[in-house]
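**Q** My questions concern the predicted model and sequence given below.
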Amino acid sequence: MSEEHVFETLPLPGQNSYPGRIAVVGDLGLTRNSSTTIDHLTENDPSLILMVGDLTYANQYLTTGGKGVSCFSCAFPDAPIRETYQPRWDGWGRFMKPLISRVPMMVIEGNHEIEPQVAGITFKSYLTRFAVPAEESGSNSNFYHSFDAGGVHFVMLGAYVDYNSTGAQYGWLKEDLRKVDRTVTPWLVAAWHPPWYNSYSSHYQEFECMRQEMEELLYQYGVDIVFSGHVHAYERMNKVYNYTLDKCGPIYITVGDGGNIEKVDVEHADDPGKCPSEGDNKPEIGGVCHLNFSSGPAKGKFCWDSQPEWSAFRESSFGHGILEVLNSTYALWTWHRNQDIYKEDSPGDQIYIVRQPELCSPSTSLKGNNGTEQGTQVKESAAVSAKWSWVMPLFFIVMIAICSEL
């Protein structure tokens with residue numbers, strides 16, 4: 001018999017009901033740094049975990065012997081295929097069990113979940129282990145879905161399946177956004193694995209094609225916050241749309257600093273000699289749409305000469321973030337460095353996010369079903385300190401059953 005575990009599901013949709021703390025983490029893996037991240041995250045007592053892809057890094061390990069390296073192709077240049085060590089999935093499940101057996105976790109896939117096999121099979125381990133509310137949110141794919149947590153509507157997008165404006169995911173996204181009632185769920189949060197806005201050399205403009213296809217739609221419907229991972233560092237953007245500062249644009253936040261075996265990214269594309277070539281950073285799935293900037297201080301260039309104006313804060317440290325939605329207007333975002341785990345009141349980065357939809361006119365932000373306009377504004381501070389509840393029990397039943405069989 002499996003152990004019995006008890007946890008509290010997400011609050012039902014409503015503008016006066018919100019999860020206490022939403023932990024956001026990505027690119028976690030299973031290392032000493034991963035352990036510090038989860039210990040620190042657990043101390044912050046979240047009521048929901050948002051995992052933005054790249055969970056176990058099983059494909060950084062040889063199938064025979066399980067030897068792991070930070071760069072697979074560098075260490076094993078003669079390997080005929082990109083191997084994957086499946087026991088890492090089970091080990092990761094046991095590692096996470098003390099936390100996710102009592103706190104709901106929602107996930108989206110990353111590139112390390114692809115794990116290609118014969119006959120074109122991909123994402124097998126990921127899809128076997130994680131249940132998401134795809135059908136219930138009108139999606140025909142487990143690679144993208146949405147759910148409500150109190151007054152927050154979350155949209156989880158797939159970067160490693162078709163995201164073109166003529167495709168099924170785009171059509172689903174447009175319909176999902178159209179149905180959002182901002183009098184019931186005032187906050188609109190999106191998440192996917194690779195960031196669109198990124199000033200690090202690693203993965204620079206890697207998913208520019210996806211941005212060009214989908215950004216306008218998210219902007220029109222007034223998405224408040226976007227979370228991504230993929231880049232192994234922390235970066236928070238100013239409100240931006242189409243590489244231009246815009247009071248009606250979302251706040252993009254990269255939290256790919258969970259602690260995985262590939263180590264932290266430290267080089268910025270604007271550092272001398274660190275601008276990638278336009279042939280670098282090609283995605284595993286999808287096209288390449290690298291571009292030179294058409295306006296602003298970097299006009300005509302592929303990289304900025306200094307930190308881009310849309311990049312508000314960046315740091316190469318492992319850690320995690322906590323989003324506290326206080327009401328329909330205010331939310332507090334805090335990023336915690338791993339090295340600050342034993343310090344009191346020492347956030348690495350902290351801002352208040354203030355929704356002020358009246359700042360955005362209908363021409364820049366479509367109205368929802370309730371006729372209200374969308375928009376947000378950020379106030380920074382250096383020292384400021386369910387509808388889909390069915391999926392949570394199902395997720396834990398799957399995870400606990402897997403662990404109990406080992």
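**A** Received it, and whenever you're ready, just let me know what you need. Numbers count the residues shown, from 1 in each chain.
**Q** For the stretch 201-350 of the chain, which segments count as strands?
**A** 225-228, 234-237, 240-241, 244-245, 251-255, 311-315, 319-325, 330-337, 349-354 (DSSP state E, counting those that start in this stretch).
**Q** what is the mean pLDDT for the third one?
**A** This points to strand 240-241. Average pLDDT, strand 240-241: 97.
**Q** who touches that strand?
**A** Identification of contacts with strand 240-241 by C-beta atoms under 8 Å, 6 or more residues apart in numbering yields 197, 215, 219, 246, 248-250, 252, 310. Bear in mind the C-beta positions are built from the backbone N, C-alpha and C, glycine included.
**Q** Of the residues you listed, just say which sits nearest to K263.
**A** Y197 (22.3 Å; C-beta to C-beta).
**Q** surely that closest one meets Y252?
**A** Yes - between Y197 and Y252 a contact is recorded at 4.6 Å, counting by C-beta atoms under 8 Å.
**Q** Now do the nearest residue to P308 once chain neighbours are set aside against T36, distance only.
**A** In space, and not counting its chain neighbours, P308 is closest to S199: 5.3 Å by C-beta to C-beta, 6 or more residues apart in numbering. Going from S199 to T36 by C-beta to C-beta, to the nearest Å gives 25 Å.
**Q** Mark which of the contacts of strand 240-241 are part of helices, please.
**A** Counted as lying in helices by DSSP state H, out of the contacts of strand 240-241, are 215, 219.
**Q** Of the contacts of strand 240-241, which pair is most distant in space?
**A** Between any two of those (C-beta to C-beta), the greatest distance is 15.5 Å, for Y197 and C248.
**Q** Would you map the strands across the stretch 51-200 of the chain?
**A** 105-107, 145-149, 152-156, 187-191.
**Q** distance between the shortest one and the chain's centre?
**A** The chain centre lies 10 Å from the centre of strand 105-107; the measure is C-alpha atoms, centre = their mean, to the nearest Å.
**Q** neighbouring contacts of that strand?
**A** For strand 105-107, using C-beta under 8 Å, 6+ apart, the contacting residues are 48-51, 53, 55, 96, 130, 132, 147, 154, 156, 391, 395.
**Q** Excluding chain neighbours, what is closest to V152?
**A** Per C-beta to C-beta, 6+ apart, closest to V152 is W187, 4.3 Å.
**Q** Next: E309.
**A** L245 (6.3 Å).
**Q** OK, contacts around the one you found?
**A** L245 neighbours (C-beta under 8 Å, 6+ apart): 238-239, 309-310.
**Q** and which of these is nearest E344?
**A** N238 (29.0 Å).
**Q** was I right about the closest one contacting F313?
**A** No - at 9.4 Å, N238 does not count as touching F313 under the criterion of C-beta under 8 Å.
**Q** Any figure for the gap between H40 and S316?
**A** Counting by C-beta to C-beta, the gap from H40 to S316 is 17 Å.
**Q** Oh, that last question was meant for P283, not what I typed.
**A** Counting by C-beta to C-beta - P283 and S316 are separated by 22 Å.
**Q** again, but for L173
**A** 32 Å.
**Q** Settle it for me: which of the two has more neighbours?
**A** Remark: of L173 and S316, L173 carries more neighbours, 23 against 17, as counted by other C-beta atoms under 10 Å.
**Q** just to revisit the earlier point, which residues touch the residue nearest to V152?
**A** Taking C-beta under 8 Å, 6+ apart, we find W187 in contact with 151-153, 224-225, 325, 328, 331, 355.
**Q** which one of these sits closest to A233?
**A** For those, the minimum distance to A233 (C-beta to C-beta) is 18.4 Å, reached by I225.
**Q** Which residues does that closest one form beta bridges with?
**A** V189, I251 (DSSP bridges).
**Q** out of everything not next to it in sequence, what's closest to Y221?
**A** L177 (4.2 Å).
**Q** whoops, I mixed them up, Y252
**A** M237 (4.2 Å).
**Q** Next, find the distance separating the residue nearest to V6 when sequence neighbours are not counted from I353.
**A** Nearest non-adjacent residue to V6, counting by C-beta to C-beta, 6+ apart: R102, 7.0 Å away. The gap separating R102 from I353 is 28 Å, by C-beta to C-beta.
**Q** so what pLDDT did D54 get?
**A** pLDDT at D54 comes out at 96.
**Q** same thing with F76?
**A** For F76, the predicted pLDDT is 80.
**Q** Over to G371?
**A** At G371, pLDDT is 40.
**Q** Check E278 too.
**A** At E278, pLDDT is 80.
**Q** in terms of contact, does it touch F302 like I think?
**A** Yes - with contact defined as C-beta under 8 Å, E278 counts as touching F302 (6.1 Å).
**Q** who's more crowded, those two?
**A** F302 (16 against 13).
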